[in-house]
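Novice: got a sequence here, can you model it:
(one chain, ligands or ions: 1)
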Amino acid sequence: MSHDSPIGDVVFAEPEVALVGFTSFRNPGWFPEWQTDAVGDAASLLEFAGRLCYLSFANPLHRSNRQYLDNILARQHFSVMEHASVSIAIRGVSRSLTHELVRHRHFSYSQVSQRFVNEEDAAFVLPIEVREHGLDADVVEAAREARRAYLELASALSRRLAEAEPDRTERRKRARQAARCVLPNMTETALVVTGNLRAWATFLKKRGAPEAEPEIRRLALLIHEILNDIAPEIFEHFHVDRDEAGRGTLVADVDFE
Ligand SMILES: Cc1cc2nc3c(=O)[nH]c(=O)nc-3n(C[C@H](O)[C@H](O)[C@H](O)COP(=O)(O)OP(=O)(O)OC[C@H]3O[C@@H](n4cnc5c(N)ncnc54)[C@H](O)[C@@H]3O)c2cc1C
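Specialist: Residues are numbered from 1 along each chain as shown. Alright, predicted model coming up:
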């Protein structure tokens, strides 16, 4: 998916996600009897943390890492999942989406500031249903108008603040923080989100569900692919169901909470 898809002078962004960080595991060597077939840091760390609870490092039943973690999930011992974190960079999403995303309280966020960053050339995100119903042109017009109003308001404020606020950076910040009031929910934004595996699993459960809003559901599916690479032992418990139009939803066989 390309990041930008221009229609006239208005650019509509497409969602992009990228893994930018994840927890690594170091075996302290305190339990030399422990042997694991875990692949990857997340799976190793989760098994280590789980086994520490019962000092069960000997593994007499010769359980594989996958079996061990399945048992942890079956017992709803979900706090073990909180030891490994994943940071994901996201762009090409709307501010309506991020307003929903930031409701998830166990994540940490760093998002583009509309107080500091000039939104004069802001891109927008076309709602999926608008595109599906061919109403793109109506939204292009609204986007163009919003950008024009933003530019005019920011310039007018900047001029009026010229005497009262000699510091140029501060003046621009004050003008932009007020002028953003005319930007629509579809304005594109970017952010980094960090969360532990439990927080990501509950996010996927809620936002990958059929009743979730289509843009955030599309994002949940993209994020699921990243998480599946980092910790398939956990995230293969979600599978993607697709309807006839190819729209996906996430279904889990574990009731993550
Ligand atoms: C389809 C859908 C429609 C929605 N519609 C609306 C809407 O119309 N209006 C609206 O305002 N919001 C709406 N939301 C947002 C929703 O109410 C939640 O704010 C959002 O899904 C975050 O999930 P969460 O609150 O369960 O917990 P998170 O913040 O993701 O935390 C995960 C879990 O931690 C626990 N937890 C976190 N904080 C607390 C706490 N303070 N006290 C006790 N337990 C806690 C809970 O078990 C919670 O489920 C909607 C969400 C969805 C998925």
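
Novice: quick check on the residue lying closest to residue 45 once chain neighbours are set aside: phi, psi?
Specialist: Excluding the flanking residues, the one nearest residue 45 by Cβ to Cβ, 6 or more residues apart in numbering is residue 25, at 4.0 Å. Using the backbone N, CA and C atoms, a C-beta is placed for each residue, glycine as well. Per-residue torsions, residue 25: phi -120, psi 140 (degrees, to the nearest 10).

Novice: which of the three states applies to the residue sitting furthest away from the middle of the chain?
Specialist: For the chain, the residue at maximal distance from the C-alpha centroid (Cα atoms, centre = their mean) is residue 163, at 41.9 Å. Under DSSP: H, G, I helix; E, B strand; the rest coil, the three-state class of residue 163 is coil.

Novice: from residue 89, how far off is it?
Specialist: Separation of residue 163 from residue 89 (Cβ to Cβ, to the nearest Å): 41 Å.

Novice: before we move on, the earlier item: residue contacts, the residue nearest to residue 45?
Specialist: Going by Cβ atoms under 8 Å, 6 or more residues apart in numbering, residue 25 touches 41-42, 44-45, 48.

Novice: up against the ligand, what does the stretch 101-250 of the chain have?
Specialist: Applying Cβ under 6 Å from any ligand atom, we find that the stretch 101-250 of the chain lies next to the ligand at 103-106, 202, 206-207, 211-212.

Novice: now, those residues that are in helices?
Specialist: Those of those mapping onto helices are 202, 206-207, per DSSP state H.

Novice: following element in sequence after the worst-scoring helix or strand of the chain on mean pLDDT, please.
Specialist: Taking mean pLDDT, DSSP states H and E as the measure, the chain has strand 4-7 as its least confident helix or strand, at a mean of 57. Note on strand 4-7: by DSSP states H and E, the next helix or strand toward the C-terminus is strand 10-13.

Novice: chain center to that next one, what's the gap?
Specialist: Centroid separation for strand 10-13 versus its chain: 20 Å, with Cα atoms, centre = their mean, to the nearest Å.

Novice: what residues sit buried inside the helix or strand following that strand?
Specialist: Going down the chain from strand 10-13, the next helix or strand is strand 16-22, by DSSP H and E. Using 16 or more other Cβ atoms under 10 Å as the test for burial, strand 16-22 gives 17, 22.

Novice: note down every partner strand of strand 16-22 and its orientation.
Specialist: Strand pairing for strand 16-22, determined by DSSP bridges: strand 85-94 (antiparallel).

Novice: which pair in the residues of the stretch 101-250 of the chain next to the ligand has the greatest spatial separation?
Specialist: 106 and 211 (21.0 Å; Cβ to Cβ).

Novice: these two: who's more crowded?
Specialist: residue 106 (13 against 8; other Cβ atoms under 10 Å).

Novice: spatially nearest residue to that one (excluding sequence neighbours)?
Specialist: Nearest non-adjacent residue to residue 106, counting by Cβ to Cβ, 6+ apart: residue 199, 3.8 Å away.

Novice: check contacts around residue 98.
Specialist: 111, 189, 191.
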